[in-house]
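Asks: need the 3D shape of this:
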Amino acid sequence: MYKALYLSPMIPSYNMKDTAAFFIDLLGFGKIMYHDSYIVLQKDNLTIHILNAGDIGEMEFYLEVDDVDSLWATMKNKLAGYKVREPFDREYGMREVHIIVPHTKTLLFIGQAIS
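Replies: Numbers count the residues shown, from 1 in each chain. Below is the predicted model:
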């Protein structure tokens, strides 16, 4: 069975640098990943993902796990009727599954850092 590591909100921003500065300067979050198109901040065991608001139209959450392929193996036969993207590797070093949460406009990213 997989272990859940983090569940993080993905915050759409029209000025990612200013949004990141808010969390860094006022709340003491530190930088984990800082790119022009995607920022991840952390404080203690909490993470916040910041992305360009122009790229999305729905709520998003990121569930980081220790073994995305093991989790996929346990869930793949239970996903009939769901909008799903099977595990794939991202350019920013994560392996991910994408699932639309039923009866919502919420996209759930499930990912694992690629070693």
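Asks: hang on, isn't residue 31 packed against residue 21?
Replies: No: contact between residue 31 and residue 21 fails when scored by CB atoms under 8 Å: they sit 10.8 Å apart. C-beta: built from backbone N, CA, C; applies to glycine.
Asks: let me see the ranges of the helices in this structure.
Replies: 16-21, 27, 68-75 (DSSP state H).
Asks: rank the ones you listed by mean pLDDT and give me the bottom one.
Replies: Among the helices of the chain, helix 27 carries the lowest mean pLDDT, a mean of 87.
Asks: how about residues contacting it?
Replies: Outside helix 27, the residues that touch it by CB atoms under 8 Å, 6 or more residues apart in numbering are residue 43.
Asks: contacting residues for residue 94?
Replies: With CB under 8 Å, 6+ apart, residue 94 has these contacts: 111-114.
Asks: closest to residue 93 among these?
Replies: For the contacts of residue 94, the minimum distance to residue 93 (CB to CB) is 5.3 Å, reached by residue 114.
Asks: neighbours of that closest one, how many?
Replies: 12 (other CB atoms under 10 Å).
Asks: what's the answer for residue 82, then?
Replies: Other residues within reach of residue 82, judged by other CB under 10 Å, total 11.
Asks: residue contacts, the closest residue to it other than its chain neighbours?
Replies: Excluding the flanking residues, the one nearest residue 82 by CB to CB, 6 or more residues apart in numbering is residue 99, at 6.0 Å. Residues near residue 99 by CB under 8 Å, 6+ apart: 79, 82-85, 107-108, 110.
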